[in-house]
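Participant: please find the sequence and the predicted model below.
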Amino acid sequence: MAGLSRYLKPMLNAGSSRVFNCNDTLNKLERAKADNAYMFKMPSIHRMVVIKEAIGRDDPRHPRCVPIGTKLYLPYNTGDIYEGGRSVFFHAPNLMKVFSEQFGVRIDKESSAYLEHDMKIFRTLDELPSLDGFLMRDALELQGFNVNENYFEVSDSERVAIQEFIRGKMEPLVRAAYGTGRSISGKVTQLVDKIWEAKDIDALDPLIQAFRFPRDEALSIFGAWKGIIFYAFEYHRSRLKREKLALWLKEDAMPRHLLPRDTMEAIESSRRGAIERLREHWVEVDTLFKKYDQCYADFIASANPGGFINFLRGAKDVYWQLGDSLSKINHAINCWDITTKNAAGRRLPVEQLVNHLELMRAILSPASVVRSTEAA
């Protein structure tokens, strides 16, 4: 059981943007006797961990053929979730059966309103490529949910900084597409607000026509655009953490002492495999952002929207690709920090090093090919 605990702890830790530990947050709120402690109408449903997991593009565990599924980890012991549990994907046909067996959720007329409320929260989270606190809070707020801030761990100052960054990137393009002059400043602000909400398609008609977006896809394109800008903020903010992990893999992911040649070769193979997978995701993200930045700069400089419009038409796929790669890197960083922070010089004993490198390779699994999120 101890070995299982050591494996599950970094995988389930809420510090990763692939993990949303409802159980841990509710425990803290209950101990503090906090107001508005319950996110779900059915309290028992909080006793789980929501995880974003890479899946194949044709995997039936997500009906829209996106490369990331939403998995619910249900611990056997909610007092110590690392003792083990069972898992079920949100779109699994036996989801309600598992909820009934695990949490006593009833499927009856009396409980239907509560159940629909809670399933709407899950559907909202399922629409996100990752479980970053800002993305979750924003998405749930736009759906009308009033959730305790502790579930997201995003400070007011951090949230304002992210919002200002996103709006700052949106406004010049809206202004370029809609026109110039002081008389339309208020209209530009209103349109940026409507892009943020991604709900009122009639209000966004001027931009839909200017960008020549298919009307039936416009709202999802605008929503994905906002997500891409958020990931750009996160990418630049997390640079030092990525560099520290890369440096550790290069210089410190080595045994403390000499070992038999076959053991050293096996460790070296795992180490190089982890390095290569980290590099692949890093290059993937960097390439996408360079393309975005170039299209953006060309639009602002020349008011020629062609390249940027083409980029935004593929924004939904880019959004999921960025979420996949960045959340894997984030998860790897989080697991590395938890595992090595108490080791001298972050050098691990050989058995722990072997296990950790294999864990890193698993977390940094190759990106799945993305098919349009509107498919199926």
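Facilitator: Great, that's in hand. Numbers count the residues shown, from 1 in each chain.
Participant: can you pull out the strands in the stretch 1-150 of the chain?
Facilitator: In the stretch 1-150 of the chain, the strands defined using DSSP state E, counting those that start in this stretch lie at 19-21, 49-54, 68-75, 85-89.
Participant: and the angle for the longest one with strand 85-89?
Facilitator: So that's strand 68-75. 150 degrees (axes from the mean of the first three to the mean of the last three CA atoms, to 10 degrees).
Participant: give me the local confidence score for S100.
Facilitator: Looking at S100, its pLDDT is 87.
Participant: same thing with D80?
Facilitator: So, for D80, pLDDT stands at 84.
Participant: next, count neighbours for it.
Facilitator: Here the number of neighbours of D80 (other CB atoms under 10 Å) works out to 12. C-beta here means a position set from N, CA and C on the backbone, and glycine is covered the same way.
Participant: how close does it get to C295?
Facilitator: To C295, D80 is 49 Å away according to CB to CB, to the nearest Å.
Participant: circling back to that earlier point, redo the strands of the stretch 1-150 of the chain as TSV? Include mean neighbour count and mean pLDDT.
Facilitator: Output for the strands of the stretch 1-150 of the chain, formatted as TSV (neighbours: other CB atoms under 10 Å; pLDDT from 0 to 100):
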stretch	mean neighbour count	mean pLDDT
strand 19-21	24	92
strand 49-54	21	90
strand 68-75	21	91
strand 85-89	17	90
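Participant: adding distance to E153, write the ones you listed out as TSV.
Facilitator: Output for the strands of the stretch 1-150 of the chain, formatted as TSV (distance: least, CB to CB, whole Å):
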stretch	distance to E153
strand 19-21	10
strand 49-54	14
strand 68-75	19
strand 85-89	23
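Participant: what's the closest of these to Y114?
Facilitator: strand 68-75 (17.2 Å; CB to CB).
Participant: got the angle between the closest one and strand 49-54?
Facilitator: Strand 68-75 runs at 150 degrees relative to strand 49-54, counting by the same axes, to 10 degrees.
Participant: so what touches strand 68-75?
Facilitator: Residues outside strand 68-75 that contact it (CB atoms under 8 Å, 6 or more residues apart in numbering): 12, 23, 47-55, 59, 61-62, 81-91, 95, 98, 102-103, 122, 125-126, 129-130, 320, 323-324, 368.
Participant: among those, which ones are buried?
Facilitator: Neighbour counting by 16 or more other CB atoms under 10 Å classes 12, 23, 47-55, 59, 62, 81-82, 85, 88-91, 95, 98, 102-103, 122, 125-126, 129-130, 320, 323-324, 368 among the contacts of strand 68-75 as buried.
Participant: which of those residues fall in helices?
Facilitator: Those of the buried ones among the contacts of strand 68-75 mapping onto helices are 12, 23, 95, 98, 102-103, 122, 125-126, 320, 323-324, per DSSP state H.
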